[in-house]
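Visitor: Based on what follows, work out the 3D shape:
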Amino acid sequence: MNKNTERKSSASIWQIAKAVMFAFMGIRKKSDLEHDAATLTPAQVIIGGIIGAIIFVLGVMLVVRLVVS
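Guide: Numbers count the residues shown, from 1 in each chain. Okay, the predicted model is just below:
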């Protein structure tokens, strides 16, 4: 198979979550970054980022409520 006929393998939810989590922290190995670029689609990354941001904000709100009360 040449490059043009290769199909992208679909990424698992865990791979998407890991990629988004490491992107939030700003750390990633070059080899993992290249693997993510080859397997993840932009839509998967955008949806994962939105879900990750919502979880982060809700987590911060929960911690603040627990500390304040």
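
Visitor: what residue ranges in the chain score low on pLDDT?
Guide: Counting by pLDDT under 70, the ranges of the chain that qualify are 1-9.

Visitor: now do 90
Guide: Within the chain, the segments meeting pLDDT under 90 span 1-12, 23-38, 69.

Visitor: Tell me which stretches of it form helices.
Guide: Counting by DSSP state H, the chain has helices at residues 13-25, 30-39, 42-68.

Visitor: any idea which of these is most buried?
Guide: Stretch with highest mean neighbour count among these: helix 13-25 (a mean of 15; mean count of other Cβ atoms under 10 Å). (Each C-beta comes from the backbone N, C-alpha and C, glycine too.)

Visitor: just checking, what packs against that one?
Guide: helix 30-39, helix 42-68 (3 or more Cβ pairs under 8 Å, 6 or more residues apart in numbering; DSSP states H and E).

Visitor: Can you show me the CA trace of the shortest one as CSV?
Guide: Same thing as helix 30-39. C-alpha atoms of helix 30-39 as CSV (Å, rounded to 0.1, in the frame of the first residue of the first chain):
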residue,chain,number,x,y,z
LYS,A,30,7.6,13.9,19.9
SER,A,31,6.9,10.3,19.0
ASP,A,32,3.5,10.4,20.7
LEU,A,33,2.7,13.7,19.0
GLU,A,34,3.5,12.2,15.6
HIS,A,35,1.3,9.1,16.4
ASP,A,36,-1.6,11.4,17.5
ALA,A,37,-1.2,13.5,14.3
ALA,A,38,-1.5,10.3,12.3
THR,A,39,-4.5,8.8,14.0
